[in-house]
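Chemist: sequence below, structure please.
(chains A and B)
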Number of protein chains: 2
Amino acid sequence: MALVGGVGGAKLAHGLAQILAPEQLTIIVNTADDFDLYGLRICPDSDTIMYTLAGLVDKSNGWGIGGDTTHMLGALRRYGQDTWFRLGDQDMATHVLRTSWLRAGCTQTQVTARLAAALGVRPQILPMSDEPVATLIDTVEYGELAFQHYFVRYRWQPTVKGLRYVGAEQARLTPQVTAALAKADVILIAPSNPWLSVAPILAVPGMRAALVARPIPRVAVTPIIAGQAVKGPAAKLMVELGYLPSAAAVAAYYGDLINGFVYDKRDSGLSFPALRAVALDTWMQSEGDRVILAREILTWIEGF
Amino acid sequence: MALVGGVGGAKLAHGLAQILAPEQLTIIVNTADDFDLYGLRICPDSDTIMYTLAGLVDKSNGWGIGGDTTHMLGALRRYGQDTWFRLGDQDMATHVLRTSWLRAGCTQTQVTARLAAALGVRPQILPMSDEPVATLIDTVEYGELAFQHYFVRYRWQPTVKGLRYVGAEQARLTPQVTAALAKADVILIAPSNPWLSVAPILAVPGMRAALVARPIPRVAVTPIIAGQAVKGPAAKLMVELGYLPSAAAVAAYYGDLINGFVYDKRDSGLSFPALRAVALDTWMQSEGDRVILAREILTWIEGF
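Modeler: Just a heads-up that it's a prediction; the model follows:
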């Protein structure tokens, strides 16, 4: 089982999917950056995972559909709309179907399964919850921003003062997540942003306790290499929240959630006293790197 | 004021729009072929008028946006959807905005005005009503079909036994339509299908009476030329409903609604005893033909 958020998490999930049988891999995905736009329900992390596993993803962005066009977006601009969020034309089919199925009464878990199955994705992708949760980012410059406004509209440039996950207290573990947690023999926290992608998953009441209760390898993979994020605001955010931007601070942040940690071989000076830890090349530059990293992690965990 | 439905009506409206000042032209549009698809509200007649007046229409089809692509539709097929109704990518912006504004509480009249204004369309386009009305077609082959299933999915090939306009009894005249009816100095019924495009407008309670009550020229333009429809099922439908497919039968069908009739010069043998009638070239093959026909009709009406 893997807990994943954005692009980095999707890459590792893609590596795992190429090694494990589909029934061996369950992916719990962050839904707290989901939002509504033009009445459509948009689930960026879920879609990134799904498109990546389906082989449809835009390889240069790491999100969206490869070769997608934006003619609808152009037409929205003709209507005077401020089109700050990119919605590809092919991508629109996902949003339109999801929204219509949700309105018809399907749960997000059901909708995600149906979309993924239609695209031939066989590992289970599970939303962290079927209730809506929304990450809000308190910024110095603009006050509190909805996640996609912070992340996409302002390109994560505002200075972050704090975060909250609205709706998390009312969210519940789904039967599917509960079952997957119970049968997992490894828990892997992908190299996703701990605060923006993983923390919302952990904020679902009962999630963290259910994970910690499992006497199995619970391993996080660092999203920070030599003080930098591979992609996105992880390092910048850590500084703004008062952390040193390092793999060690990430491991400390996860605390007793994890009993193992994969850091990057470029950080060979670090030590993780209370954890089993291994230094690997965690920087997935090529598609092949994903499989190599996934295999090295699983091999290392076998020797736990 | 013009009452219009599909492509033929849009062409004449386009001709009128090039002659009249915007405030002189109000278009009342059929909404009974509106429907929901993937949770989106689609209003084909309204969009055809709007795209035509905006100069955006696909000139070969007479509907949709010129040069539009169908990448979303292709992606819907990848999800296993039966994509029998063409939704262009640019066209999608219209459906998405309309649906979101309707859900936010706008009336269809307000939404139509807002979309049209954004595209620079200045004549007023008024939905016949803000309440949903749906044309159902009773067919020999398939029983009762929703309009777009009859018209698009089965390409109007099924044999029609009867029609009804569901919801019409609950529909109300909007304040905007009522005001437009009161101030009109000419009422023109465009060469749209009398049963599929005009009759639903007339089925809104109070509409027909309000039209007949106006002591002004009320002129229909024939959609039938030499026993044939220029486009679409008008002639076929007339035969199936037991009429002779002729301009005379159309004029008779409108009855006291009209006091004037424009038939085609190719039908010079016809006579319309109870009406002022004129034979013109009503077959709008070129864009220029629209303006010529509109001007000839208005000139003839001036001498009423």
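
Chemist: so, low pLDDT: which residues of the stretch 151-300 of chain A?
Modeler: The stretch 151-300 of chain A contains no residues with pLDDT under 70.

Chemist: quick one: the helices in it?
Modeler: For the stretch 151-300 of chain A, applying DSSP state H, counting those that start in this stretch gives helices covering A:175-183, A:199-202, A:207-212, A:234-240, A:247-254, A:287-302.

Chemist: identify, out of these, the most deeply packed stretch.
Modeler: helix A:199-202 (a mean of 24; mean count of other C-beta atoms under 10 Å in any protein chain shown). C-beta here means a position set from N, CA and C on the backbone, and glycine is covered the same way.

Chemist: save the helices of the stretch 151-300 of chain A as CSV, and put in distance to residue A:40 too.
Modeler: CSV is the format used below for the helices of the stretch 151-300 of chain A (distance: least, C-beta to C-beta, whole Å):
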stretch, distance to residue A:40
helix A:175-183, 24
helix A:199-202, 21
helix A:207-212, 27
helix A:234-240, 28
helix A:247-254, 34
helix A:287-302, 30
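
Chemist: out of those helices, which comes closest to residue B:132?
Modeler: helix A:175-183 (37.2 Å; C-beta to C-beta).

Chemist: which other residues reach that closest one?
Modeler: Outside helix A:175-183, the residues within contact range by C-beta atoms under 8 Å, 6 or more residues apart in numbering or on different chains are A:1, A:26, A:28, A:109, A:124, A:126, A:128-129, A:173, A:207, A:210-211, A:214.

Chemist: do that again at 7 Å, thanks
Modeler: A:1, A:26, A:28, A:109, A:124, A:126, A:128, A:210-211, A:214 (C-beta atoms under 7 Å, 6 or more residues apart in numbering or on different chains).

Chemist: one more: stretch A:153-168?
Modeler: A:32, A:84, A:131-142, A:145, A:150, A:195, A:200, A:203-204, A:232-233, A:236-237, A:240-241.

Chemist: just these: which are in strands?
Modeler: Using DSSP state E, the subset of the contacts of stretch A:153-168 located in strands is A:134-139, A:145.

Chemist: neighbour-wise, which of these leads?
Modeler: residue A:135 (28 neighbours; other C-beta atoms under 10 Å in any protein chain shown).

Chemist: how near is that residue to chain B?
Modeler: 23 Å (C-beta to the nearest C-beta, to the nearest Å).

Chemist: let me see the contact set for that residue.
Modeler: So residue A:135 contacts A:32-33, A:147, A:163, A:165, A:196, A:200 (C-beta under 7 Å, 6+ apart).

Chemist: repeat that for residue A:244.
Modeler: So residue A:244 contacts nothing (C-beta under 7 Å, 6+ apart).

Chemist: for it, give its distance to chain B.
Modeler: 44 Å.

Chemist: please state the backbone phi and psi of that residue?
Modeler: Dihedral pair for residue A:244: phi -80, psi 130, per degrees, to the nearest 10.

Chemist: rewinding a little: so which of the contacts of helix A:175-183 is the closest to chain B?
Modeler: Nearest to chain B among the contacts of helix A:175-183, counting by C-beta to the nearest C-beta, is residue A:109 at 17.3 Å.

Chemist: secondary structure class of the closest one, three-state.
Modeler: helix (DSSP: H, G, I helix; E, B strand; the rest coil).

Chemist: that one is in contact with residue A:126, isn't it?
Modeler: Yes - at 6.2 Å, residue A:109 counts as touching residue A:126 under the criterion of C-beta atoms under 7 Å.

Chemist: so for the two, which residue has more residues nearby?
Modeler: Neighbours per residue (other C-beta under 10 Å) separate residue A:109 from residue A:126, with residue A:126 holding more: 24 against 19.

Chemist: surely that one is within a helix?
Modeler: No - under the criterion used here (three-state DSSP), residue A:126 is strand, not part of a helix.

Chemist: so what's it up against?
Modeler: Counting by C-beta under 7 Å, 6+ apart, the residues that residue A:126 touches are A:26-29, A:109, A:174, A:176-177, A:180.
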